[in-house]
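Peer 1: Below is the sequence, then the predicted model.
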Amino acid sequence: MSEPQSPAITPAAHMAAELATQPETWARAVTLRAEQALLPERGARIAVVGCGTSWFIAQSYAWLRETEGHGETDAYAASEALLDRGYDAVVALTRSGTTTEVLELVDRLRGRVRTVGVIGDAESPLVGLVDEAVTLPFADERSVVQTRFATTALALFRASLGEDLDGAIADAERAVAEELDPALVDAEQFTFLGRGWTVGLAHEAALKMREASQSWTEAYPAMEYRHGPISIAAPGRVTWQFGESPAGLAGEVAATGARFEAGTLDPMAELVRAQRVALERARAKGLDPDSPRNLSRSVILEG
């Protein structure tokens, strides 16, 4: 008698399941008042660091924190951070807590600058290196391509700034449930645009498309799009705006024959829509974003 076969794991099963849980993980992050209190206090001058997706989320948090009056806030890729500037604290954002550049940076700051880690894996090395650790294991992921950890961290940040996320959570439920337009899944090229805090989200949407589906994607601040990048707009291509669009831009894109996708949901929920498009494009190409080409869950560099 032959041995029973284990059920096959559907390609992209982890990414599909994880992105669908974002309304729930955001709602949970909103309730974490004790964890939010560990973040730098109002008025502190801080830097937020991360790599890849975490760097883009850091950009969004930095813009929101400073413009909402909570204190001067800079965002850096961990490998390029300029931290000898009298910061009161540094927030290190990382899903795995094992990324080499983040660990080395936090180690250099020990005893000099207060550090706060926002981390997916509660057992990671970074937990023991930072002064304060905010762990979000309920938002950690098995897919290499990040979805819910990044947005849940941003939900935590937004809630800590006093934002009401009920509308964003409702929009995320809609983004998870709505039927995708096949024209988006079949598009030749995507350019994502943002303004203010949504510039980071535009960059993250483009990264998701590249990682998950090997798609040609670009991202820019919306007002910069006219300064050259609009030259690639054409029929069969998509220009996707996160948040409010600059006056006249939709018409200019339409004149090229490209599709102008004016995001109407909370920009974080609009990112969920982009994640779903990336997932479906990957499936259409026979790709598995749980194990994408040339990528791993964490970048760990050899000494």
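Peer 2: Structure received. Predicted, not measured: the structure shown is a model, and the values here were computed from it. Numbers count the residues shown, from 1 in each chain.
Peer 1: any idea whether residue 76 is helix, strand or coil?
Peer 2: Following DSSP: H, G, I helix; E, B strand; the rest coil, the label given to residue 76 is strand.
Peer 1: Now for it, how many residues are close by?
Peer 2: Residue 76: 19 surrounding residues under other Cβ atoms under 10 Å. To be clear about C-beta, it is placed using only N, CA and C from the backbone, and glycine gets the same treatment.
Peer 1: Does it touch residue 49 like I think?
Peer 2: Yes: with contacts defined as Cβ atoms under 8 Å, residue 76 counts as touching residue 49 at a distance of 5.0 Å.
Peer 1: Am I right that residue 217 is in contact with residue 210?
Peer 2: Yes: counting by Cβ under 8 Å, residue 217 does reach residue 210; the two are 5.6 Å apart.
Peer 1: Neighbour count: these two, which is higher?
Peer 2: Set residue 217 next to residue 210 and count neighbours by other Cβ under 10 Å: residue 217 wins out with 23 against 18.
Peer 1: shared neighbours, residue 76 and residue 49?
Peer 2: 55, 58 (Cβ atoms under 8 Å, 6 or more residues apart in numbering).
Peer 1: where in the stretch 201-303 of the chain is pLDDT low?
Peer 2: Low-confidence segments of the stretch 201-303 of the chain, defined by pLDDT under 70, span residues 293-303.
Peer 1: just the helices in it please.
Peer 2: Ranges of helices within the stretch 201-303 of the chain are 249-256, 267-284, based on DSSP state H, counting those that start in this stretch.
Peer 1: list the buried ones in the shortest one?
Peer 2: The reference is to helix 249-256. Of the residues in helix 249-256, 249, 252-253, 256 count as buried by neighbour count, 16 or more other Cβ atoms under 10 Å.
Peer 1: could I have stretch 101-115 exported to PDB, CA atoms only?
Peer 2: Taking C-alpha atoms only, stretch 101-115 is exported to PDB below (Å, rounded to 0.1, in the frame of the first residue of the first chain):
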ATOM      1  CA  GLU A 101      22.100  46.600   8.100                       C
ATOM      2  CA  VAL A 102      19.500  47.200  10.900                       C
ATOM      3  CA  LEU A 103      21.300  45.000  13.400                       C
ATOM      4  CA  GLU A 104      24.600  46.700  12.800                       C
ATOM      5  CA  LEU A 105      23.000  50.200  13.000                       C
ATOM      6  CA  VAL A 106      21.200  49.500  16.300                       C
ATOM      7  CA  ASP A 107      24.400  47.900  17.700                       C
ATOM      8  CA  ARG A 108      26.300  51.100  16.900                       C
ATOM      9  CA  LEU A 109      23.700  53.200  18.700                       C
ATOM     10  CA  ARG A 110      23.700  51.200  22.000                       C
ATOM     11  CA  GLY A 111      24.300  53.500  24.900                       C
ATOM     12  CA  ARG A 112      24.200  56.600  22.700                       C
ATOM     13  CA  VAL A 113      20.700  57.000  21.400                       C
ATOM     14  CA  ARG A 114      17.400  55.400  22.600                       C
ATOM     15  CA  THR A 115      16.300  52.800  20.100                       C
END
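Peer 1: Nothing else from me, thank you.
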